[in-house]
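J.: Coordinates for the following, if possible.
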Amino acid sequence: MLQVQYEQREERRSGNGDSGWMERRYGSFSRSFTLPYDVDTAKAEAKCVHGVLTVRIPRTEEAKQNVRRIPIKA
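T.: Residues are numbered from 1 along each chain as shown. This next block holds a predicted model:
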């Protein structure tokens, strides 16, 4: 099982004394994925670029050898 969780907390203040303002923004995200049995979780990698999360979990070497090709009839 792969679980991705994200939480954002942001607080901004402007002005001085009684005439200023304050803005707060909170948000959270959670998602779970069931992984196939033939993945190598020890080699999992994740990166976040420009707000896009990419998770790569390679298949095990044994699973790569058991590729089955299915011919397509046209």
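
J.: Please count neighbours and contacts with C-alpha atoms only from this point.
T.: Fine.

J.: If we ignore the residues flanking it in sequence, what's nearest the residue at minimal distance from the centre of the chain?
T.: In the chain, the C-alpha nearest the mean C-alpha coordinate belongs to L53, at 4.7 Å (Cα atoms, centre = their mean). Nearest non-adjacent residue to L53, counting by Cα to Cα, 6 or more residues apart in numbering: K47, 5.8 Å away.

J.: Tell me which strands the one helix or strand the one you found maps to pairs with, and in which orientation.
T.: Using DSSP states H and E, K47 sits in strand 45-49. Using DSSP bridges, strand 45-49 pairs in its sheet with strand 52-56 (antiparallel).

J.: what pLDDT, on average, does the strand it pairs with get?
T.: Averaging pLDDT along strand 52-56 gives 93.

J.: Helices of this protein, start to end?
T.: In the chain, the helices defined using DSSP state H lie at 61-65.
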